[in-house]
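Q: Any chance you can model this:
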Amino acid sequence: MQAEKIRVLVAKPGLDGHDRGAKVIARALRDAGMEVIYTGLRQTPEMIAEAALQEDVHAVGLSILSGAHMALVPRVMELLAANGQEDVKVYLGGIVPDEDVPQLLEMGVAGVYGPGSSTEKIASDIRASISTQPEA
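A: Predicted coordinates:
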């Protein structure tokens, strides 16, 4: 038996209307062999958690440029937990002040990536944190 493809939901929560970075990441993850679902702009945390549940993803990548990451990320994680998806890894990309990174990691965010981050490193980090081996 072979491992299933890693499924990643890429989402743009909040009112931020700039999605070029999210699209670059989505393409890079597809090129790295992952299955990517892109939700589009202006998603609420509830919409993101519901899509993660419906799509049965291994990871959620949030792209936030608006500065609302300390409000949006905890809410998405809370909703994932409420759906029984504590095992879904959450990654954050965008404009995140250095002083916020330790708190985000402490709350369970698997990785935080700023402008200029290597897409190869992001894909590698996701692959390293997610086991898709079939149950024996």
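Q: May I ask you to confirm that R30 belongs to a helix?
A: Yes: counting by DSSP: H, G, I helix; E, B strand; the rest coil, R30 is found in a helix.
Q: Quick check: bridge partners of the closest residue to it other than its chain neighbours?
A: Of all residues not flanking R30 in the chain, V36 sits nearest, at 5.1 Å (C-beta to C-beta, 6 or more residues apart in numbering). Using the backbone N, CA and C atoms, a C-beta is placed for each residue, glycine as well. Bridge pairing for V36 (DSSP bridges) gives the partners V8.
Q: can you map out the strands along this protein?
A: 7-11, 35-38, 59-64, 89-94, 111-113 (DSSP state E).
Q: Could you tell me what pLDDT the model assigned to the residue nearest to R30?
A: We have a pLDDT of 98 for V36.
Q: Same check on H18?
A: 89.
Q: which ones are touching it?
A: By C-beta atoms under 8 Å, 6 or more residues apart in numbering, the contact list for H18 reads L65.
Q: next one: the one 10 residues further on
A: Contact partners of A28, counting by C-beta under 8 Å, 6+ apart, are 119-120, 122-123.
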